[in-house]
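J.: this is a predicted model, with the sequence first.
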Amino acid sequence: MMGQPILKLEDINYGYIDGGYKRQILKNLCYEFQAGTFYTVLGPSGSGKTTLLSIMAGLDKQESGKIYFDGEDLDKIGLYRYRRDKIGVVFQSYNLINYLTGIENIELAMTETDNKIPGSNRKDLALALLNMVGIADTKGERLVTHLSGGEQQRIAIARAIAKNEDLIFADEPTGNLDTETEGEIIRIFQMLAEKFGKTIIAVTHSNAVSKLSDKRVLLKGGTLHTITD
């Protein structure tokens with residue numbers, strides 16, 4: 001539901017050894033992300049944005065602190081099950097399987113979850129998702145290597161929502177795209193939040209992208225701060 005917390009970070013700490021010294025990236029970080037909202041996370045280079053996204057997406061583990069998804073402790077859910085069944089991730093480099101078509105990439109994502117979708121329905125659903133993000137059926141049937149960067153990113157978004165997850169992470173999702181295509185991708189995220197109640201958390205270096213999100217968050221000094229201007 002719109003406005004209900006879906007992800008809660010509680011006293012998150014993370015650091016690493018750099019040149020013999022401990023560098024603390026995240027310091028007692030606390031934040032709540034609300035359902036049905038499109039967030040962008042900004043921050044200076046080296047502030048730890050990608051590290052934070054990796055921890056929130058269960059790709060890395062915090063040193064201390066707790067993360068709650070929909071009120072349940074991630075340690076109880078288990079990181080593998082959380083990644084497989086609860087969230088979707090969109091990468092800057094798309095991370096599509098090159099020897100598959102767009103449709104096949106999406107269909108494969110549907111099999112990698114306990115929320116099984118009958119095989120007979122997978123292609124129809126893949127086509128519907130592609131149409132939602134502006135990819136024609138004929139392009140969906142091409143190998144992804146024969147598509148433009150913008151088209152590949154649209155397929156990556158469709159793949160991320162193929163399991164009908166409510167929480168989608170995006171790591172610099174428009175970093176490789178031109179300004180026009182960047183705007184189109186951001187409009188897809190806006191639609192997913194507004195019409196389908198998805199929570200989008202996108203790390204970006206782009207102020208232009210950030211200004212189009214529902215909420216802007218700054219990672220600075222190891223903690224998150226909501227930008228109010």
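T.: The structure has been received and is ready for your questions.
J.: hey, what's the residue nearest in space to the middle of the chain bridged with?
T.: The centre of the chain sits closest to F169, judged by C-alpha atoms, centre = their mean, with a distance of 1.3 Å. Beta-bridge pairing of F169 under DSSP bridges involves V89, I201.
J.: for it, what are its contacts?
T.: By C-beta atoms under 8 Å, 6 or more residues apart in numbering, the residues touching F169 are 53, 56-57, 87-90, 201-202. For every residue, glycine as well, the C-beta is placed using N, CA and C.
J.: reformat those as TSV; add neighbour count and distance to L100.
T.: What follows is the contacts of F169, written out as TSV (neighbours: other C-beta atoms under 10 Å; distance: C-beta to C-beta, whole Å):
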residue	neighbour count	distance to L100
L53	21	25
M56	24	28
A57	21	23
I87	21	22
G88	24	18
V89	20	18
V90	23	17
I201	25	27
A202	24	25
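J.: that older thread, quick one: the residue nearest to the centre of the chain from G19, how far?
T.: Separation of F169 from G19 (C-beta to C-beta, to the nearest Å) stands at 30 Å.
J.: before we move on, what about L218?
T.: 27 Å.
J.: and for T50?
T.: Distance from T50 to G19, by C-beta to C-beta: 20 Å.
J.: what of K139?
T.: Look at K139 and G19: by C-beta to C-beta, they are 48 Å apart.
J.: and the longest helix seen in the chain, what does it pack onto?
T.: Ranked by number of residues, the top helix in the chain under DSSP state H is helix 179-196. The contact analysis (3 or more C-beta pairs under 8 Å, 6 or more residues apart in numbering; DSSP states H and E) places helix 179-196 against strand 38-42, helix 149-160, strand 199-203, helix 207-210.
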